[in-house]
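Asker: pasting the sequence and the predicted model now:
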Amino acid sequence: MPPLITLLTDYGAGSGYPAQVKGVLLAALPDARIVDVSHDVPRHDVLAGALLLEACAPWFPRGAIHVAVVDPGVGTARRALCVVDPEGRRFVAPDNGLLTPFLGPGSRAVVIEPGRALPPPRTATFHGRDLFAPAAVLLARGEDPSALGAAVDDPVRLEWPRAAVAAGEVRGETLAADPFGNVVTSIRESDLPAGAAVLEAEADGRPARWVRTFGEGRPGELLALLGSGGRVELAVREASAAALLGRARGVKVRLVLVGRAGGAC
Amino acid sequence: MPPLITLLTDYGAGSGYPAQVKGVLLAALPDARIVDVSHDVPRHDVLAGALLLEACAPWFPRGAIHVAVVDPGVGTARRALCVVDPEGRRFVAPDNGLLTPFLGPGSRAVVIEPGRALPPPRTATFHGRDLFAPAAVLLARGEDPSALGAAVDDPVRLEWPRAAVAAGEVRGETLAADPFGNVVTSIRESDLPAGAAVLEAEADGRPARWVRTFGEGRPGELLALLGSGGRVELAVREASAAALLGRARGVKVRLVLVGRAGGAC
Amino acid sequence: MPPLITLLTDYGAGSGYPAQVKGVLLAALPDARIVDVSHDVPRHDVLAGALLLEACAPWFPRGAIHVAVVDPGVGTARRALCVVDPEGRRFVAPDNGLLTPFLGPGSRAVVIEPGRALPPPRTATFHGRDLFAPAAVLLARGEDPSALGAAVDDPVRLEWPRAAVAAGEVRGETLAADPFGNVVTSIRESDLPAGAAVLEAEADGRPARWVRTFGEGRPGELLALLGSGGRVELAVREASAAALLGRARGVKVRLVLVGRAGGAC
């Protein structure tokens, strides 16, 4: 099977930078399949990139190689990483937290050390093309990540708000918006206690009605729902929840739960 | 030949949603070729999506499968469709009028019934990934559309302004703008009587000069011409007709015709 | 090896125009690999397109065919070109200067003459689909460019500011910005005298600190550096130099040099 490589960056799709990365990949791997995950990560927003990668990478075949570059520290002392998650998915990215969702127990991380399997990057400002693409080529050719450099146990992990689950409620925060203005929160589907249902929801104290899908909303009404990426989301039918809330990140969210029997759990 | 699948959505190219759709397609069809028609359909604008699909789908090989998702009613009672047009082109889309251009005489439509060939969609909010992509996979594997569900004869059709052809003139309306600000109208090339030529054109009573191509215009001058998609368009040389007109949809357009002999026809 | 075709336009990725070009290519060349270089060239900005092509095309395999269309004169008397550069790279584009970076000594140019190998374009407004894509198909099938039309020695070349190298300094101008707001200048790496180092830099008289990479900057500080495309660039760490300077094109840039020994050279 030809190699499958995905790209996630904040370069802008039309900037020419993704094209240069693809040129490097195709020059080395003429039959590679390359899929753009996104080139529209908000610039330098490592958390937004990490959330997008978390939502997307699991949908690709396990053998895919994921190149992720949101890299305000390019060319400085920040390290470059190759990570293999417990499912066998392979990633290359700067060591700035972008891979946080895949750095759980059972993950392996190595530092990409220029001068080992790869020459030093040709520029200090474009490691997507000059370091991460060549690293992906090596992996696609079957090299083990250990060829790239030494294992490390301290990759940078982003700290971001998690859900706080207490009797009868779950609290969290909004993290990022999609282009519809739907806002994902720090509350994952797996944070909701088994058998519990959401009775009411609030965002910065403002009521949000718990629904199954967008179309159930009334015009302008704030909604809360289980989003397609496994996180609780806020939304407004055919409009932007981020605009309604005034921001995409940092809104406090609270869900009041009831157990299956109907009482507060 | 490997399957060719096109995608048209209002998701935003960099939102991660097209990438998840592609992940599902490639996991099932590793050799599929996937082409983005657009992920920039104005959000929830089913008419704009239908016009774009009308302009683009005919240029692809007949065997292509077109996945089109502009779907404000996702997860509600709206049906999901598979349509085969008289040329054999296959489409999957929500039943909201998005496929109107391909629902003429000789087209076949079936409802995609979860629980038949496909399991119920995993989420209520992302049928592009959870219903339409799996449907496209089945078609790409050679399944007949009838495997997806029962034939229907009442798919939703959008009503949109058509051209009104009268002695010596054709009237219509603008429908949508492209990124240049060129505006397509409801007047198709095929609405112009054979042998007729356009003598003058107007948009909301404002004169528009009939030309062959953009470069014939003077700076700021409103132009009318036969566009590349088979519809009359309004344009301004190296500028935006939509901006000049103040809107992209609903501008009344009138063409005055002359027959080949030079008299009004 | 299947043909590799790149596309650079100002059409907008989601406009449907790139999709129609791809449909034409794939209908004729079902196994073609198509890579988007950019569809976000600023509209009608031939210089910006030329700079982007200059930065990107060299990263692709030599056998790639580059289709470049920024074409305000489409359908007028402007000619259409096929160019082969000294490295064997093949381009098709309007004859308006878009290929200037590849028109040096040793390049070959032929005019694409409709009615020779290709029929006249079907529309006057969309030569990307109706002329340049069919020309790329012919090249991909192994036709020699001479099949398209007669050789010409006067292709349109853009004049743009070049670097002026004098004792101890290099002067130039900014030309275009990328989506980060980094601004490329007319000073190429190859304009800097061998062995010289940059001591100080200015942009419209404003000091710019010479650095290796973005992350060395202080917040809001204007930086100058060797960019990844082989040109001197201006940048601001995690912010936009174009915004700071008030424009992307026409800012005067001056670099003061010292020789390796430390004296002004």
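Answerer: Done, it's in.

Asker: switch to C-alpha atoms for all contacts and neighbour counts from now on
Answerer: Will do.

Asker: gap between residue A:167 and chain C?
Answerer: Distance from residue A:167 to chain C, counting by CA to the nearest CA, to the nearest Å: 42 Å.

Asker: now the phi/psi pair for that residue, please.
Answerer: Residue A:167 adopts backbone torsions of phi -60, psi 120, taken as degrees, to the nearest 10.

Asker: can you check residue A:25 too?
Answerer: With angles defined as degrees, to the nearest 10, residue A:25 sits at phi -60, psi -40.

Asker: list the contacts for the residue nearest to residue A:181 when sequence neighbours are not counted?
Answerer: Once flanking residues are discounted, residue A:181 sits nearest to residue A:240: 4.0 Å by CA to CA, 6 or more residues apart in numbering or on different chains. With contacts taken as CA atoms under 8 Å, 6 or more residues apart in numbering or on different chains, residue A:240 has the following neighbours: A:180-182.

Asker: let me see the domain layout of chain A.
Answerer: Per automatic domain parsing, the domain ranges recorded for chain A read A:4-147, A:164-259.

Asker: what segments of the stretch 1-150 of chain A are strands?
Answerer: Using DSSP state E, counting those that start in this stretch, the strands found in the stretch 1-150 of chain A span residues A:4-9, A:33-38, A:65-69, A:80-84, A:90-94, A:108-111.

Asker: after the shortest one, next one along is what?
Answerer: Right, the one you point to is strand A:108-111. helix A:127 (DSSP states H and E).

Asker: next to chain C, which bits of chain A? Give me the list.
Answerer: Proximity of chain A to chain C, by CA under 8 Å from any CA of the partner chain, involves residues A:11-20, A:22-24, A:26-27, A:30, A:43-44, A:72-76, A:123-126.

Asker: so which of these sit within helices?
Answerer: Among these, the residues falling in helices (DSSP state H) are A:17-20, A:22-24, A:26-27.

Asker: count the residues that sit near the residue in the stretch 151-265 of chain A that chain C sits nearest to.
Answerer: For the stretch 151-265 of chain A, the residue closest to chain C is residue A:179, as judged by CA to the nearest CA, at 14.3 Å. For residue A:179, the count of nearby residues is 16 (other CA atoms under 10 Å in any protein chain shown).

Asker: quick one: name the residues of the stretch 151-265 of chain A near chain B.
Answerer: That would be A:178-180, A:212-216, A:227-228, A:237-238, which are the residues of the stretch 151-265 of chain A within reach of chain B (CA under 8 Å from any CA).

Asker: in TSV: those residues, plus distance to residue A:255.
Answerer: Formatted as TSV, these follow (distance: CA to CA, whole Å):
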residue	distance to residue A:255
A:178	21
A:179	24
A:180	22
A:212	15
A:213	17
A:214	18
A:215	21
A:216	18
A:227	15
A:228	18
A:237	20
A:238	23
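
Asker: could these go into CSV alongside pLDDT, distance to residue B:136 and secondary structure?
Answerer: As requested, these are exported to CSV (pLDDT from 0 to 100; distance: CA to CA, whole Å; DSSP: H, G, I helix; E, B strand; the rest coil):
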residue, pLDDT, distance to residue B:136, secondary structure
A:178, 94, 25, coil
A:179, 93, 25, coil
A:180, 94, 25, coil
A:212, 95, 25, coil
A:213, 95, 23, coil
A:214, 95, 24, helix
A:215, 94, 24, helix
A:216, 96, 27, helix
A:227, 95, 23, coil
A:228, 95, 19, coil
A:237, 96, 27, coil
A:238, 95, 26, coil
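
Asker: which of the residues you listed has the largest number of neighbours?
Answerer: Comparing those by number of neighbours (other CA under 10 Å), residue A:214 comes first, having 25 neighbours.

Asker: and for the residue nearest to residue A:178 when sequence neighbours are not counted, the neighbour number?
Answerer: Distances taken as CA to CA, 6+ apart put residue B:15 closest to residue A:178, at 6.0 Å, once the chain neighbours are dropped. Residue B:15 is flanked by 21 other residues according to other CA under 10 Å.

Asker: residue B:169 is nearest to which of the domains of chain A?
Answerer: Ranking the domains of chain A by their distance to residue B:169 (criterion: CA to CA) puts domain A:164-259 first, at 38.6 Å.

Asker: now do the end-to-end distance for that closest one.
Answerer: End-to-end span of domain A:164-259 (CA to CA, to the nearest Å): 17 Å.

Asker: with stretch A:112-123 instead?
Answerer: This stretch, stretch A:112-123, spans 16 Å end to end (CA to CA).

Asker: contacting residues around it?
Answerer: Residues outside stretch A:112-123 that contact it (CA under 8 Å, 6+ apart): A:75, A:79-82, A:127, A:130-131, A:134-135, A:147-150, C:227-228.

Asker: now the domains of chain A in a markdown table, with distance to residue C:191?
Answerer: A markdown table is the format used below for the domains of chain A (distance: least, CA to CA, whole Å):
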| stretch | distance to residue C:191 |
| --- | --- |
| domain A:4-147 | 17 |
| domain A:164-259 | 43 |
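
Asker: quick one: closest of the ones you listed to residue C:159.
Answerer: Closest to residue C:159 of those is domain A:4-147 (CA to CA; 22.2 Å).

Asker: what's near enough to touch residue A:25?
Answerer: When contacts are counted by CA under 8 Å, 6+ apart, residue A:25 touches A:32, A:133-134, A:136-137.

Asker: do residue A:180 as well
Answerer: Residues near residue A:180 by CA under 8 Å, 6+ apart: A:238-240, B:11, B:43.

Asker: ok, residue A:52 next?
Answerer: Taking CA under 8 Å, 6+ apart as the test, what residue A:52 contacts is B:15-16.

Asker: which residue does the stretch 51-200 of chain A have closest to chain B?
Answerer: Residue of the stretch 51-200 of chain A nearest chain B, by CA to the nearest CA: residue A:60 (4.2 Å).

Asker: contacting residues for that residue?
Answerer: Going by CA under 8 Å, 6+ apart, residue A:60 touches B:20, B:22-24, B:26-27.

Asker: so how far is residue B:9 from it?
Answerer: Distance, residue A:60 to residue B:9, using CA to CA: 20 Å.

Asker: now do residue A:149
Answerer: Distance of residue A:149 to residue B:9, computed by CA to CA: 41 Å.

Asker: the two - which one has more neighbours?
Answerer: The residue with more neighbours, out of residue A:149 and residue B:9, is residue B:9; 27 against 20, by other CA under 10 Å.

Asker: surely the more buried one meets residue B:42?
Answerer: No - if you go by CA atoms under 8 Å, residue B:9 and residue B:42 don't touch, sitting 9.1 Å apart.

Asker: need the residues touching each of those two.
Answerer: What both residue B:9 and residue B:42 touch, as defined by CA under 8 Å, 6+ apart, is the set residue B:49.

Asker: the helices in the stretch 151-265 of chain A, which residues?
Answerer: Ranges of helices in the stretch 151-265 of chain A, per DSSP state H, counting those that start in this stretch, are A:241-245.

Asker: pull up the distance across stretch A:234-245, start to finish.
Answerer: Distance between the two ends of stretch A:234-245: 10 Å, counting by CA to CA.

Asker: now do that stretch: distance to the chain's middle.
Answerer: Stretch A:234-245 has its average C-alpha position 21 Å from the chain's average C-alpha position, going by CA atoms, centre = their mean, to the nearest Å.

Asker: do stretch A:147-158 as well
Answerer: Distance, stretch centre to chain centre, for stretch A:147-158: 18 Å (CA atoms, centre = their mean).

Asker: what mean pLDDT does that stretch have?
Answerer: Stretch A:147-158 shows a mean pLDDT of 97.
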